[in-house]
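S.K.: Need a 3D model of the following:
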Amino acid sequence: MKTILKIGLGGGCHWCTEAVFQAVTGVVKVEQGYISSETPYDSMSEAVIVHFSTLVDLEQLIDVHLETHASTQQHSRREDYRSVVYFFDVETEKKVKSIINTLSRKRNKKYITAVLPFVAFEPSRESIQNYYKTRPDAPFCKRYIEPKLKLVSEILKS
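M.R.: Predicted structure coming up:
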């Protein structure tokens, strides 16, 4: 029997983040919404909770996350689009920090992505959940989500 794990991920628009992780084999559920952590990160920001089987490599998930949003730069919307991995247990926190360090060296990038404890989740309104799946031809999806999905495919091949 495979175990299901979960991790919170934020970085950009949750419509994009949701579609990116729905495209990863072994991800069994993606909850789109808003996540908060401890002070000073206790405001809600757009994020997803990714539920995945132990058949999925955590490093691969983190790699996909880091490569599909602006994980190396600050910008004016960081309060809404916090670059972060939210952990649910200390063991995952340690693994994620190690993975980000490894990927930083491998890709020669300095990530600004925080690793924070998960505190609360508020789901998005139902009308925007599964955004890409329900409207793949929408201009937003064509412009922003499809390029990320192509990148996910490339990352997963390597």
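S.K.: Would you confirm that Trp15 contacts Gln32?
M.R.: Yes - in this structure, Trp15 is within contact of Gln32 by CB atoms under 8 Å, at 7.3 Å. (Each C-beta comes from the backbone N, C-alpha and C, glycine too.)
S.K.: how close does His69 sit to Gly11?
M.R.: 3 Å (CB to CB, to the nearest Å).
S.K.: Find the residues that touch each one of those two.
M.R.: 17, 81, 83 (CB atoms under 8 Å, 6 or more residues apart in numbering).
S.K.: For the first one, give me its contacts.
M.R.: What that stands for is Thr17. 9-11, 32, 46-48, 65, 68-69.
S.K.: Among those, which one sits closest to Glu146?
M.R.: Thr68 (11.9 Å; CB to CB).
S.K.: what's the neighbour count on that closest one?
M.R.: 23 (other CB atoms under 10 Å).
S.K.: Now do the buried residues in the helix or strand where Asn101 lies.
M.R.: Per DSSP states H and E, Asn101 falls inside helix 90-107. Within helix 90-107, the residues scored as buried using 16 or more other CB atoms under 10 Å are 92-93, 95-96, 99-100, 103-104.
S.K.: can you list the residues that contact the helix or strand containing Pro147?
M.R.: Here Pro147 sits within helix 146-157, counting by DSSP H and E. With contact meaning CB under 8 Å, 6+ apart, helix 146-157 is reached by 16, 19-20, 23-25, 60, 63-64, 67-68.
S.K.: can we see that at 10 Å?
M.R.: Residues outside helix 146-157 that contact it (CB atoms under 10 Å, 6 or more residues apart in numbering) are 12, 16-17, 19-25, 60, 63-69, 132, 136, 141.
S.K.: Now that you've got those, can you turn the buried subset into something I can paste into ChimeraX?
M.R.: Typed into ChimeraX, the line below selects the buried ones among these, using 16+ other CB under 10 Å:
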select :12,16,17,19,20,21,22,23,24,60,63,64,65,66,67,68,69,132,141
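S.K.: quick one on the thing from earlier: for the helix or strand that the helix holding Asn101 is followed by, list every residue counted as buried.
M.R.: Reading on from helix 90-107 to the C-terminus, the next helix or strand found by DSSP H and E is strand 114-117. Going by neighbour count (16+ other CB under 10 Å), the buried part of strand 114-117 is 115-116.
S.K.: likewise stretch 143-154?
M.R.: Neighbour-count burial for stretch 143-154, counted by 16+ other CB under 10 Å, picks out 144-145, 148-149, 152.
S.K.: Same check on stretch 25-32?
M.R.: Going by 16+ other CB under 10 Å, stretch 25-32 has these buried residues: 27, 30-32.
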